[in-house]
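Colleague: fold the stuff below for me.
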Amino acid sequence: MADNLERELPYLRRYARAVTGSSQRGDAIVEVAIASLIAAEDPATDKVGFFCNLETAIREALPEAKAGAEPDPASRARRALLLTAMEGFKVDDTATILGCPTDEVGALMVEAEQELTRSLQTRVFIMEDEPLVAAHISQIVSELGHDVVGQAVTRDQAVESCRTLKPNLLLADVQLADGSSGADAAAIITEELGIPVVFITAYPQKLLTGRGGEPAYLLAKPFRPDMVKAVVSQALIQSMTAQ
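Modeller: Numbering: from 1, shown residues only. Predicted structure coming up:
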């Protein structure tokens, strides 16, 4: 179990962070889930079992659970989308993790996609120094109905442009054209504008150092369009909820 858990831990953290919109809250929920695994008489030993255990910890930590209210169906639908699109689970495994019938997962995914399409159109800025990758990302977010207001290939260009354009979401690479840091640019932009950032990078290890300030939303290159759509939409949902 320990060996399998160590291998799956980055993915458990990624999912919990995306669900909560916070690296700190997500990691705290993962810690609770791991503690329950250790305490269990017959603990899970595979990836699906680990995510089942994590999903239980997530449900118990959601605001509606703490308030004694009914679970939020929209939150469950978005988790179904994240499990399939971001984490790559098959429909039957997603059903097992969420504790619902298999034929319900498809309906949950459609519900999530419709909700996100209806409510989340916003202004997006892309920080990416590879033209083809930038064009691909722009196409993906445009298909979601978002307005790509600008692009930049260096830190200084990104900061200056965002101060002028004031986007509502930042999609950022880590390594930029002049050797400058996309993470540094994102830190400045998010501090000044208070907007969420999704990192899409070939160097995820540069952001997963085990220290504070790790991102809540992180995708590794190469990426699939459905992964970008799911994580971008979740970032916007969490940003709206926090306001």
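Colleague: now the strands for this structure?
Modeller: For the chain, the strands defined by DSSP state E occupy 123-127, 147-152, 169-172, 197-201, 218-220.
Colleague: and the ones you listed, which is most packed in?
Modeller: Among these, the stretch with the highest mean neighbour count (mean count of other Cβ atoms under 10 Å) is strand 169-172, at a mean of 26. (Each C-beta comes from the backbone N, C-alpha and C, glycine too.)
Colleague: and for stretch 146-157, what's in contact with it?
Modeller: Stretch 146-157 is contacted by residues 120-129, 134, 138, 141-142, 158, 161-162, 165, 167, 169, 176-178, 180-182, 184-185, 232 when judged by Cβ atoms under 8 Å, 6 or more residues apart in numbering.
Colleague: thought Pro215 was touching Phe199?
Modeller: Yes - counting by Cβ atoms under 8 Å, Pro215 touches Phe199, with 5.2 Å between them.
Colleague: give me the pLDDT value at the residue of the chain lying at maximal distance from its centre.
Modeller: Residue farthest from the centre of the chain, counting by Cα atoms, centre = their mean, is Glu41 at 32.0 Å. pLDDT, Glu41: 85.
Colleague: next: Thr20.
Modeller: For Thr20, the predicted pLDDT is 88.
Colleague: correct me, but it touches Ala235?
Modeller: No - checked against Cβ under 8 Å, the pair Thr20 and Ala235 is beyond contact range at 11.3 Å.
Colleague: in contact with Gln234: list those residues for me.
Modeller: Gln234 neighbours (Cβ under 8 Å, 6+ apart): 18-19, 21, 78, 81-82, 217.
Colleague: what do you get if the cut-off is 6 Å, keeping everything else the same?
Modeller: If you count contacts by Cβ atoms under 6 Å, 6 or more residues apart in numbering, Gln234 has them with Ala18.
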